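Colleague: Mind looking at a prediction? Sequence and model below.
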Amino acid sequence: MSCFWFFVVLALGGYLLASWFLLKKPHLLHRRKRMAFYCTHISHRGGCGEKIESTMEAFTHAVKQGTQMLELDCHVTRDGHVVVSHDENLLRQTGHDVTISSLRLQDLPLYKDRLEVTFNAAGHYSHGADRKFLLLEDLFQKFPEIPISIEIKENNNQLIEKISALVQRYRREDITVWASVNSTIISKCRKTNGAMPYSFSMRQGLLLLLLFYSGLLPFVPLGESLLQFYLPRIINRSFIPQKKILRNRLVVTLIEKVTMRKSLFEHLAARGIQVHLFVCNKDEDIRAALDLGATGVMSDYPSRLSRTLSRIKRQE
């Protein structure tokens, strides 16, 4: 029996040593992903803290401030147009309790003249001259070389197929990302257009953590090209979640301890998988995200993000 346990301990020790070694040197087992873009500066909803979210004015402003990637959401109108909008229901954005899918493009209302910034303390608003909803196609035409991350919130075949068709038409499959927290939606996106890079869904993200803590991660191939996740420290400070469980300080602390692992992020980066933490609207949050090993930071304030990144670079 003692001999048996000796070999068990020896095998377990060898496994843990191999796992630790390959976590540091993943190139020994995996070819590094080669992506067409590498983004440190990402603008959430087009930089919705400085201009009205998801408008052409917001995206144009963000690009002028040096953003390297635009993050957005899309929905489809009743007459089949792909519109850039965070919400399907337009009550928050326009004051009208209607859905995009129930309206024709020409009947979409205007955004409010000021919009509260979701990921900031209450009472912070964005303003802008542009209050029109934007077609995804117009954004592709305006910025043909800017990477864009498109989050799909609806399990809608028409929406996914139309986005894929637009991506193909404008030949930007290598710089347009499928993103969704829903693994079923991500699977459908991949089946529709497998040439586009895609991010981790919630389920795949949980599996990633399980692989990391079990020591199996260095041995497992990963198809995803990006990990996009909340910086937990913003929860209940600049972002108040709807779910009551996430308002519990102990729960948020546990989430931060479990998910914000620098060794995990460095391993992913070494494999060519970009790590984007959001939504970082304060200097200290931007610095915290980079200190944790994030390769990119997503913010509602593109000009603030540019200034902070410049200061950090000068200090290095």
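Modeller: Nice, thanks for sending it over.
Colleague: So which bits of the one helix or strand L17 maps to are buried?
Modeller: Using DSSP states H and E, L17 maps to helix 2-24. Residues of helix 2-24 classed as buried by neighbour count (16 or more other CB atoms under 10 Å): S19, L22, L23. The C-beta positions use only the backbone N, C-alpha and C, and glycine is treated the same way.
Colleague: What spatial separation is found between V76 and L166?
Modeller: 11 Å (CB to CB, to the nearest Å).
Colleague: Where does pLDDT dip in this protein?
Modeller: Residues of the chain that meet the criterion pLDDT under 70 lie in 1.
Colleague: make it 80
Modeller: 1-2, 4-8, 316 (pLDDT under 80).
Colleague: can you map out the strands along it?
Modeller: 41-44, 69-76, 82-84, 114-116, 125-127, 134-135, 148-151, 176-179, 226-230, 274-278, 296-299 (DSSP state E).
Colleague: For those, could you give me JSON lines that also reports distance to K188 and mean neighbour count?
Modeller: Below are the strands of the chain laid out as JSON lines (distance: least, CB to CB, whole Å; neighbours: other CB atoms under 10 Å):
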{"stretch": "strand 41-44", "distance to K188": "24", "mean neighbour count": "27"}
{"stretch": "strand 69-76", "distance to K188": "14", "mean neighbour count": "24"}
{"stretch": "strand 82-84", "distance to K188": "16", "mean neighbour count": "24"}
{"stretch": "strand 114-116", "distance to K188": "31", "mean neighbour count": "16"}
{"stretch": "strand 125-127", "distance to K188": "32", "mean neighbour count": "16"}
{"stretch": "strand 134-135", "distance to K188": "22", "mean neighbour count": "20"}
{"stretch": "strand 148-151", "distance to K188": "14", "mean neighbour count": "22"}
{"stretch": "strand 176-179", "distance to K188": "9", "mean neighbour count": "26"}
{"stretch": "strand 226-230", "distance to K188": "18", "mean neighbour count": "22"}
{"stretch": "strand 274-278", "distance to K188": "22", "mean neighbour count": "25"}
{"stretch": "strand 296-299", "distance to K188": "24", "mean neighbour count": "26"}
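Colleague: so which of those strands comes closest to L246?
Modeller: Nearest to L246 among the strands of the chain is strand 226-230; the distance by CB to CB comes to 9.7 Å.
Colleague: Now the residue positioned nearest the centre of the chain. Nearest residue, chain neighbours left out?
Modeller: When CA atoms, centre = their mean is applied to the chain, the residue found nearest the centroid is Q228 (3.7 Å). Nearest non-adjacent residue to Q228, counting by CB to CB, 6 or more residues apart in numbering: H276, 4.6 Å away.
Colleague: cool, and S19?
Modeller: G215 is the one closest to S19 (CB to CB, 6+ apart), at 3.7 Å.
Colleague: before we move on, the earlier item: for the strands of the chain, give me CSV that also has distance to S310.
Modeller: CSV is the format used below for the strands of the chain (distance: least, CB to CB, whole Å):
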stretch, distance to S310
strand 41-44, 10
strand 69-76, 18
strand 82-84, 28
strand 114-116, 27
strand 125-127, 23
strand 134-135, 29
strand 148-151, 23
strand 176-179, 26
strand 226-230, 23
strand 274-278, 19
strand 296-299, 13
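Colleague: Now do stretch 228-237: everything it contacts.
Modeller: 119, 121, 149, 179, 199-200, 205, 239, 241, 246-247, 249, 252-253, 255-256, 259-260, 275-281, 285, 288-289, 292, 298 (CB atoms under 8 Å, 6 or more residues apart in numbering).
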